[in-house]
Structures are given as structure tokens and as C-alpha cells.
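Undergrad: this one's structure only:
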Ligand code: MN
């Protein structure tokens, strides 16, 4: 773990809202998004969250506050997608973070502070878009607790597939339907096959689910035919957002053999607007553990660095806000709470495995981690696990029941890192709303 002054919890910003306890965006975080003023026809551009404000990197690029690599990085961030900034690599990411930190840190009132204040846009006044032109999206399947929870429902005698403990497995997903938090998700139509029936039926998905995941944005890629070694892999990751891999379970389970998910997954994926950088997450690294009686990683996935601090303690919650909650002015209800630290495969292993056959990753590619479930029941990352495929429907506090998602439901993810002696590093919120199927009345 390599900490520097930008991780120091005693440092404060001159912006008071950044110093409030519980704030997701203190000066130690500085996550990136692409935004504009809501309802305007302004161009989207990069921004960095601080307290209840956004540093408008488009506006900042037109000042003389920064120079050198940080100024070049700011210019790259002034565009409506952050791909060029991602492609600049860790030195540029670090230069911009450290210079922004210096500008935002408490100092006697200066002319620089006045100039920067003019570059701030209130968070509450912003709307967001997908922060990069995502070339390719891959969704992994790397939580052993999720794999076991789902496996036990359908193959109780043999819940884990034989490859799970050897391969950080994944499928190649769909980019066109990735949206940012606030996305309205139409319930998909498709084929499903009920047990005991002779033929499938076509209709609206009856088993709509979410999956709480993290999304990894690739910074610098690799040439086709080359590999990214596991020890170099994290330097190729710009940062992490939250990701909802909406899943139509009835469609998915009928179509999935032998080629994997298709229409069960390709109708929508929702990501949070803010990308938290790997540097901001540095204090929340943990030992990555593989029990001695389990298969050990093959050499290309083995790494002393991963063993020492390859796991990340990113805490995650799933909240459900039903139409009835909204109608009555009730709060959303928390369905589960877990941490990414339980994941069976680490970020570096996913990246290394993705490229081991020579597949080229590119700046702005998105890798989903797979559903993040922990070892206990309340840590399940999808409703199919919580309600055991409809066998034990969830009973909400307001009397409603859910086996799967209903029209009008909003699924809200929250994510953060927190521990004594370190600043809270928040991910904000990731929200998606379920809307009726196309032909539903
Ligand atoms: Mn998934």
C-alpha cells in the first residue's frame, strides 16, 4: 500500500461541504464524471466531485491555474468523454489529482481560490452521462458466494461449476444499452420456458432482477497479441464505479446453454456517474486470501502484490424504492449490504485473465466484476438469492412482497469505503427504474 499526502485524513478543503462527516466526496476522494447543467444544452465535459460541488474541468482548462502534465490532463477531461484522459496513464491521473488537491486544500484566501470558485457547479444542478465512449463491455462472474447461492437453487448436489475456482470467468456484454444512474429500464420481452412445459412462451419478463457489481474502467490498454501481466494489471485500471447488471432470469435461464447470456442481459446496464480512482482507494486495500485447501491460482494469476493487498473493502448496499413508497412518501428499504472484499478473484486477476489469450483492451473499456455477494444471507447481491428464486418472497416493511422486481420499482445502490484513521471515500448513488414492458397495458 502506498499512501501519500492526498490520503491524509487531517487535510481539509476550503470548501466547507467537503469536510462534513459522512460526505461522499471529501478532498481525499476526487472522483471523475462527465456532466453538464441539468436541462441545459451545454456540452458534456469532465468534472471532479468535491463536497456538494463539481469542479468543471472544461472551465478549469480555460484558466491558467494548472500547468504541465496536469494542464494537459485537464484539457483531455474537457471533452464529452474521458477516453483520452484514460489513455494518458497513471502519471497524468496522479498529476491532476495532486494539483486539484493542492488547489482545493485549505489555504489563506488567494486569487487561485477565487478563480477555482468560478469553476464550480453545484452537484444538485448537474446531469450526467456515461463517462467514456465504451468500446467493449465484459461482465465477470467472480463472487463464489453468488455462484454458490444461485448454484444451490438449481443444482443443489453440485452448485459450483468445475471451472469457477480456476478461471475468473466472464461473458462479453452489450455497450449500446449501458446508461448512467437514473436510467429508465423497460421490462424486456423474450422467450422463457417453464418447468414441465413442452414449449417456450413469448412475453414480458416475469423474473426481472438486479445484480450489484462494480465497474472497472480501463485506462491504458494492450496491443492485440500482447498480455497484461497480473503485477502490471492495476496500472491499467483508471478507476471504479457501481454497476447494475439488470437480469431477466426467466429469459436468461432458457437461452443460456450453451453460449451464455444474451437477451437476458443485453437490454440495460446502469452505471453510477462517478468513477473513484484507484489512487483514492489505496487506503482500503486488504490481503487477498485463498484458503490452502482450495485450488491455488495458476502462475499467470498468482501475484505477491495481489496476496498482500489485492482485495478492496468497498462497502455496498442495495435499496428498493417501490411505487408505493413514493406514493406514500416512505423511505426506500435496504435489501442487502456487503463488501467487495469477499470477491473470489481480484481486479488484477480479472484484467490479466482477460488479456492472457492476446485480447486487446482499450481505454474506456468497461469490466463488470460480476454480482458481489458475501458469505451471509443479508450479503446477497441479487434478488434471486435473497428470495431464493421466488421460494421465499421478500416481505417489505410496508407489507409489499417481492420475489422479483415489479414495474415502478427503483433499485438504488450505495457504495463507500470507511475506516478509522482514513477519509470516507464515497461512490455516490446508482439508481435505475423499472418501467412496464412495451406491450403491457
Ligand atoms: Mn452480472
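TA: That came through, no problem. For clarity, every value in this text was computed on a predicted model and none was experimentally measured.
Undergrad: quick one: end-to-end length of stretch 35-47, please.
TA: In stretch 35-47, first residue to last residue: 7 Å (CA to CA, to the nearest Å).
Undergrad: list the buried residues in that stretch.
TA: The neighbour-count check on stretch 35-47 (16 or more other CB atoms under 10 Å) flags 35, 36, 44, 45, 46, 47 as buried. Placement of C-beta: from N, CA and C, glycine included.
Undergrad: can you tell me which of those is closest to residue 71?
TA: Nearest to residue 71 out of the buried residues of stretch 35-47 is residue 46 (CB to CB; 13.7 Å).
Undergrad: make sure the closest one is indeed in a strand.
TA: Yes. According to DSSP: H, G, I helix; E, B strand; the rest coil, the state of residue 46 is that of a strand.
Undergrad: may I have the beta-bridge partners of it?
TA: For residue 46, the beta-bridge partners are residue 34 (DSSP bridges).
Undergrad: rewinding a little: let's have the buried residues of stretch 35-47 in CSV, adding pLDDT and distance to the ion.
TA: As requested, the buried residues of stretch 35-47 are arranged in CSV below (pLDDT from 0 to 100; distance: CB to the ion, whole Å):
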residue, pLDDT, distance to the ion
35, 99, 26
36, 98, 30
44, 98, 27
45, 98, 30
46, 98, 27
47, 98, 28
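Undergrad: and those, which two are the farthest apart?
TA: 36 and 46 (10.8 Å).
Undergrad: and the least confident helix or strand in the chain by mean pLDDT, what's buried?
TA: One helix or strand of the chain scores below all others by mean pLDDT, DSSP states H and E: helix 111-117, with a mean of 92. Judged by neighbour count (16+ other CB under 10 Å), helix 111-117 contains these buried residues: 113, 116.
Undergrad: residues contacting that helix, please?
TA: Here helix 111-117 makes contact (CB atoms under 8 Å, 6 or more residues apart in numbering) with 14, 55, 60, 63, 65, 103, 104, 107.
Undergrad: just to revisit the earlier point, so which of the buried residues of stretch 35-47 is the closest to residue 20?
TA: residue 47 (19.7 Å).
Undergrad: apart from its neighbours in sequence, what residue is nearest the closest one?
TA: Distances taken as CB to CB, 6 or more residues apart in numbering put residue 54 closest to residue 47, at 4.0 Å, once the chain neighbours are dropped.
Undergrad: other SSEs contacting the helix or strand that contains that neighbour?
TA: In the assignment (DSSP states H and E), residue 54 maps to strand 53-56. With contacts taken as 3 or more CB pairs under 8 Å, 6 or more residues apart in numbering; DSSP states H and E, strand 53-56 sits against strand 45-50, strand 120-122.
Undergrad: ok, which of the ones you listed comes nearest residue 310?
TA: Counting by CB to CB, and looking across all of those, nearest comes strand 45-50 at 26.4 Å.
Undergrad: helices and strands around that closest one, which ones?
TA: Contacts defined by 3+ CB pairs under 8 Å, 6+ apart place strand 45-50 against strand 32-37, strand 53-56, helix 57-61.
Undergrad: ok, residues contacting the shortest one?
TA: Contacts of strand 53-56 from elsewhere in the structure, counted by CB under 8 Å, 6+ apart, are 15, 17, 33, 35, 45, 47-49, 100, 104, 116, 119-123, 126.
Undergrad: element containing residue 101?
TA: Taking DSSP H and E as the definition, one finds residue 101 inside helix 90-104.
Undergrad: which ones are touching the nearest residue to residue 177 once chain neighbours are set aside?
TA: The shortest distance from residue 177 to any non-neighbouring residue, by CB to CB, 6+ apart, is to residue 268 (5.1 Å). Contact analysis of residue 268 by CB under 8 Å, 6+ apart lists 177, 178, 179, 183, 185, 186, 246, 432.
Undergrad: which SSE is the last one in?
TA: The reference is to residue 432. Per DSSP H and E: strand 425-435 holds residue 432.
Undergrad: buried residues, that strand. List them.
TA: Going by neighbour count (16+ other CB under 10 Å), the buried part of strand 425-435 is 425, 426, 427, 428, 429, 430, 431, 432, 433, 434.
Undergrad: just confirm residue 118 contacts residue 59, I think it does.
TA: Yes. Using CB atoms under 8 Å, residue 118 is in contact with residue 59, at 7.1 Å.
Undergrad: if you count surrounding residues, which of these two has more?
TA: The residue with more neighbours, out of residue 118 and residue 59, is residue 59; 18 against 10, by other CB atoms under 10 Å.
Undergrad: contact partners for that one?
TA: 118, 119 are the contacts of residue 59 under CB under 8 Å, 6+ apart.
Undergrad: quick check: the gap between it and residue 275.
TA: The gap separating residue 59 from residue 275 is 20 Å, by CB to CB, to the nearest Å.
Undergrad: state the helix or strand in which the most centrally placed residue in the chain lies.
TA: Nearest to the mean C-alpha position of the chain, by CA atoms, centre = their mean, lies residue 242 at 2.1 Å. Using DSSP H and E, residue 242 sits within strand 237-244.
Undergrad: adjacent strands (with direction) for that strand?
TA: If you go by DSSP bridges, strand 237-244 pairs up with strand 212-218 (antiparallel), strand 269-271 (antiparallel), strand 276-277 (antiparallel).
Undergrad: any part of that strand near the ion?
TA: No. Using CB under 5 Å from the ion, strand 237-244 never reaches the ion; the gap is at least 8.2 Å.
Undergrad: so where do the helices sit in the stretch 301-441 of the chain?
TA: For the stretch 301-441 of the chain, the helices defined by DSSP state H, counting those that start in this stretch cover 304-309, 323-328, 347-355, 383-386.
Undergrad: hang on, the earlier thing: columns distance to residue 379 on top of the helices and strands packed on strand 45-50, output as JSON lines?
TA: As requested, the helices and strands packed on strand 45-50 are arranged in JSON lines below (distance: least, CB to CB, whole Å):
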{"stretch": "strand 32-37", "distance to residue 379": "28"}
{"stretch": "strand 53-56", "distance to residue 379": "33"}
{"stretch": "helix 57-61", "distance to residue 379": "37"}
